[in-house]
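Asker: Next input, structure requested:
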Amino acid sequence: MFISILITFFTLISLWFIGFMISVSIKNKKALNFINPFTGIILVLNVVYLLNLSKISISKPFFDLQLLNGVWFLFFILILIFIFSLLNSSFKRAKSLKEEFLQYLKFSVIVGVLTPLFLNKLGDSSISIRASELKDLSIVHNMLSSLSKDERIWQTGVSILTATHSEIFKISTLDSTKILHGISIFLTIYILIYFVAKILKPKRNFLRALFVILIISSLLILINASLTFSFIVGSLLFLVFILFAYLEILYSKSKKQLVYIEEFLIAFSLIFIASINSLAFKLSIFALMIIFLNILFLNGRNKALTFLKPLLIALLINPLLLGFALLF
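Answerer: From the prediction side, this is the model:
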């Protein structure tokens, strides 16, 4: 049990740092703590999924070289991202790292202490079995050879995350599903707290009580939901936040850059959603198309086409997965 608590704690801390490397350039600095961990999850999934499509499995050595498997490739790519982040982040932004990290550290300690609550309750045997298979296999062969509606062939995002987590910490895939389930629940609640606090801005006792009831109800619902469902809810909340941040940039009068980090985060989150649930992905695309048409009629073609840039980035990153998610 103590080992599981430590693994949960180090997983949360690692996800925050990975997310910070990416979201350090985001415009809305106040909400970084709420999206950094989920940014880390989404980035890791995108990297490992692309490696898997490149026939680089999570644990099986590539070309019989022990240091050339998916986990080591993931570490190498994260190191490159870290170097790039250091080169492009300002000293002033780096100074705020301590305060933000200390806030998140308190949250991580609380989640770590609460780990026993979900270790004995949660766990997904189907995802665990699929994760064990994906440690040494690549899904690309099945995706190309079996053009069918069997979503288990390509809709393996949660299984790939589980396999990666299991391989890094050298624990069983079933234990990884329990830990990731608990983490996904608390991170989803973490993002939800930001949204509710921003909308309600509770100042009266009634609103404070409503705020607490909503959070507790959400926690109970997510605990009794599947691992995949908790990731779907969290990723959709993440996408909504990033969309608001991107629309704020789109309508700002400042000089436009060629590419914003928000555009990549939207693309990464769409790929993440597509890898875990095709229906949620199609609904996300439908919502984006409604926003696109609204911008087209109200603000003209140029701004509307700019809004579609994250979709283009997502297609360039992983066209095979998005194609399957849209077709089946």
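
Asker: Any stretches of the stretch 151-300 of the chain with poor pLDDT?
Answerer: 151-154, 197-223, 253-259 (pLDDT under 70).

Asker: All the helices of it, residue numbers only.
Answerer: Applying DSSP state H, counting those that start in this stretch to the stretch 151-300 of the chain gives helices spanning 157-169, 173-200, 205-223, 227-250, 261-276, 278-299.

Asker: Now tabulate the ones you listed in CSV and tack on distance to Ile83 and mean neighbour count.
Answerer: Quick note: C-beta positions are derived from backbone N, CA and C, even for glycine. Listed next are the helices of the stretch 151-300 of the chain as CSV, based on distance: least, CB to CB, whole Å; neighbours: other CB atoms under 10 Å:
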stretch, distance to Ile83, mean neighbour count
helix 157-169, 21, 25
helix 173-200, 26, 21
helix 205-223, 36, 13
helix 227-250, 24, 21
helix 261-276, 16, 25
helix 278-299, 32, 15
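
Asker: Out of these, which gets nearest to Ile110?
Answerer: helix 173-200 (8.3 Å; CB to CB).

Asker: circling back to that earlier point, out of the helices of the stretch 151-300 of the chain, which comes closest to Ile22?
Answerer: Here helix 261-276 is closest among the helices of the stretch 151-300 of the chain (CB to CB), at 6.7 Å.

Asker: now the angle from that closest one to helix 278-299?
Answerer: 150 degrees (axes from the mean of the first three to the mean of the last three CA atoms, to 10 degrees).

Asker: And helix 261-276, what does it pack against?
Answerer: Packing partners of helix 261-276 (3 or more CB pairs under 8 Å, 6 or more residues apart in numbering; DSSP states H and E): helix 2-23, helix 32-53, helix 157-169, helix 227-250, helix 278-299, helix 309-317, helix 319-327.

Asker: Pretty sure Ser138 sits in a strand.
Answerer: No. Applying DSSP: H, G, I helix; E, B strand; the rest coil, one finds Ser138 to be coil, outside a strand.

Asker: so how far is Ile58 from it?
Answerer: 10 Å (CB to CB, to the nearest Å).

Asker: Looking at these two, which is more packed in?
Answerer: Ile58 (26 against 18; other CB atoms under 10 Å).

Asker: what's the closest non-adjacent residue to that one?
Answerer: Counting by CB to CB, 6 or more residues apart in numbering, Ile58 lies nearest to Gly70, which is 4.0 Å off, once chain neighbours are set aside.

Asker: ok, now Phe238?
Answerer: Phe38 (4.8 Å).

Asker: Now do the same contact list for the one you found.
Answerer: If you count contacts by CB atoms under 8 Å, 6 or more residues apart in numbering, Phe38 has them with 15, 19, 187, 191, 234-235, 238.

Asker: Alright, calling it a day.
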